[in-house]
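Undergrad: this one's structure only:
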């Protein structure tokens, strides 16, 4: 058997060739239509089957009998099949020609109404109708029915409306086999005879008395069959297949969350309508696939540490619904979500609403599923306690991933995600029993984790532990060690290990003081390793500026530029983070970040810029910046020292200082809507973005004409020059 592409079709549809026989029989015919994949759901046994059909026209589907070993066809592809008619109206395929590839399904924009006709069809020998028209109407379109489910699950983006016919009588008796094609043909014919137009509806759903099919529902494409069942779970589930989503499965890996010998349970996610337990909300990945989640409500975590507040997935109008963590090296993606007992999830309680539900998206090659719920408490049996709750940490050792819920209530879940190797020296990076909101800085009156690393420079592996002593600092404060021991595990020759990554056994300290003893406040402790070597660690104490509190996004960066001697603020105990940065101030900040806090520029001559005499503020720094080729001034032999620095200008200054005056960025592509590729600054702005220094000012914009604020400058300098707050 062969599959081939029609000439001139798009490259995405390039086909695979498969061959069964070189010669077609004399009875071979060709049929053209669209592939429709149906999923048969046996909820009772927990098994499913995939059925491939060809839709030649609306309401006319033919089952395709594909030979063993044939590559899968994609739903939505337009094909021509060559073969012979088979039993019960099926078609035995000998070869397939792909005319048009299936359209991409991620995400599918469904912000519209889906029209549905539910046709009730019985047979000439049906003894009694299994349910009334009114009962089906209530299940499909009632206040707690399928239409209400989709409206809630999509936050009003997708609605379902239509009609339910009365019971119509087929012209045949009850089939002795699972002849669902006859059911469809009879339903369409009887509906048309009764004055309905099934083809005028996007989805056709056929309800019928029991047939020996082994499944409760069958669905896909534009069609669903309901085998003597009338529930929101079954009907909503089959419509889910019609809208393009697969099953909500679970992955059980014995004593571990992931890895080793695992088992996929087809319908194992009891918290999704695409399982087989209850009509609950789609998991986050399916909502993404369906286009229900606005892009801004999906956070993608690719490296480093961040804290997210995830809103309940049931509530409309929230700012963040899910965090996805792609791990390309392992071919998997984690999806974190949070549930509360609202709406169709009202029946949920206990563990599942107390922490993060963690799923794998499709693509994990070892165990394939469309969405797999992971069990965060594998020591117990079943998935009733699958959530990762406050106080737990999930660790993926291979990915160097740590996920820790920090707090949960009815409004949201606060979760810390830490991906990648730990820094050589970490402070307050992970939650403790008395400090559930770590922010990466030690502050007064908090018990903070201290996470040094050990590098084994020997030729053989070494088991290493450490002991902390002599914690001290400026007078006027109390310095205490909460946990004086750390364990680095067994470290391979030439390797580096963080105590947190290795064993989770690290130091903790606490500092208390009625008033801050110094603006730039560093404390120190001594660590003695088990090989008798001694290290002294400085620890910066945050909260340095009254107007740059820990609630600000630029807080850590402000503390970093203080710690690195770039600035002591704008006077008193203030940093003025929202004040605009002048060009003269920029010269000082930039050169200190480039050369270090001890750098002193040559004395100014007053001959470089006519508006910067030798006695002017920052004259030495301004002339040195010009000498390094970072700036040529603002035009007319002037520097404009009191003018503010725009965000566009800042991109040029930063990159020239970092790479040298002769460096030129690559051409721009127009990544920000307010900085088109034709803009002079576009290459510099995009280069700054590509170096992960900035992501813009929000909503796809960079705001090039806005003045650079002092807090923003702290962020730019820290990221551009790799400034650190803690560690060697």
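TA: That came through, no problem. Given the structure is predicted, the values throughout are model-derived calculations rather than measurements.
Undergrad: Residue 588: neighbour count?
TA: The local packing count at residue 588 equals 20, with neighbours defined by other C-beta atoms under 10 Å. Heads up, the C-betas are built off the backbone N, CA and C, glycines and all.
Undergrad: typed the wrong thing, it's residue 523
TA: Close neighbours of residue 523, defined as other C-beta under 10 Å, add up to 19.
Undergrad: my guess is it meets residue 513, correct?
TA: No - with contact taken as C-beta atoms under 8 Å, residue 523 and residue 513 are classed as non-touching, separated by 10.4 Å.
Undergrad: hey, what's in contact with both of the two?
TA: With contacts defined as C-beta atoms under 8 Å, 6 or more residues apart in numbering, the residues adjacent to both residue 523 and residue 513 are residue 477.
Undergrad: which regions of the stretch 1-150 of the chain lie under the pLDDT threshold?
TA: By pLDDT under 70, the low-scoring segments of the stretch 1-150 of the chain are 1-26, 58-59, 104-111.
Undergrad: what residues are up against residue 651?
TA: Each residue near residue 651 by C-beta under 8 Å, 6+ apart is listed here: 681, 684, 685, 687, 688.
Undergrad: err, residue 456, not the other one
TA: Applying C-beta under 8 Å, 6+ apart as the definition, the contact partners of residue 456 turn out to be 462, 464, 491, 492, 493, 494, 495, 496, 497.
Undergrad: can you check residue 258 too?
TA: With contact set as C-beta under 8 Å, 6+ apart, residue 258 has these partners: 251, 360, 374, 396.
Undergrad: any idea how far residue 193 is from residue 163?
TA: The gap separating residue 163 from residue 193 is 16 Å, by C-beta to C-beta, to the nearest Å.
Undergrad: These two: who's more crowded?
TA: Set side by side, residue 163 and residue 193 show unequal neighbour counts under other C-beta under 10 Å, the larger going to residue 163 at 14 against 10.
Undergrad: For the residue nearest to the more buried one when sequence neighbours are not counted, list the residues it contacts.
TA: In this structure, residue 163 finds its nearest non-sequential neighbour in residue 117, 5.8 Å apart by C-beta to C-beta, 6 or more residues apart in numbering. The neighbourhood of residue 117, defined by C-beta under 8 Å, 6+ apart, consists of 162, 163, 165, 191, 196, 198, 200, 201, 203, 204, 205.
Undergrad: Helix or strand for residue 117, just tell me which one.
TA: Using DSSP states H and E, residue 117 maps to strand 113-122.
Undergrad: List the pairing partners of that strand within its sheet, with orientation.
TA: strand 159-169 (parallel), strand 203-208 (parallel) (DSSP bridges).
Undergrad: Which of the contacts of residue 456 are buried? Put it as a ChimeraX command.
TA: Of these, the buried ones go into a single ChimeraX selection, burial set by 16 or more other C-beta atoms under 10 Å:
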select :462,464,491,496,497
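Undergrad: Need the contacts of residue 456 in CSV (columns: distance to residue 449, secondary structure and pLDDT).
TA: Listed next are these as CSV, based on distance: C-beta to C-beta, whole Å; DSSP: H, G, I helix; E, B strand; the rest coil; pLDDT from 0 to 100:
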residue, distance to residue 449, secondary structure, pLDDT
462, 23, strand, 95
464, 18, strand, 97
491, 20, strand, 95
492, 24, coil, 95
493, 27, coil, 95
494, 26, coil, 93
495, 22, coil, 93
496, 18, strand, 93
497, 16, strand, 92
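Undergrad: Could you save the contacts of residue 456 as a markdown table and add columns showing distance to residue 429?
TA: Formatted as a markdown table, the contacts of residue 456 follow (distance: C-beta to C-beta, whole Å):
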| residue | distance to residue 429 |
| --- | --- |
| 462 | 24 |
| 464 | 20 |
| 491 | 20 |
| 492 | 23 |
| 493 | 27 |
| 494 | 25 |
| 495 | 20 |
| 496 | 16 |
| 497 | 15 |
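Undergrad: just the helices in the protein please.
TA: 133-141, 146-153, 180-193, 232-242, 284-290, 499-502, 555-563, 583-595, 619-627, 647-659, 682-690, 710-721 (DSSP state H).
Undergrad: In terms of mean pLDDT, which of those ranks lowest?
TA: For these, mean pLDDT drops lowest on helix 499-502, to a mean of 90.
Undergrad: what's that helix packed up against?
TA: Identification of packing neighbours for helix 499-502 by 3 or more C-beta pairs under 8 Å, 6 or more residues apart in numbering; DSSP states H and E yields strand 448-455, strand 485-491.
Undergrad: Give the buried residues for the shortest one.
TA: Of the residues in strand 485-491, those with enough neighbours to count as buried (16+ other C-beta under 10 Å) are 486, 487, 488, 489, 491.
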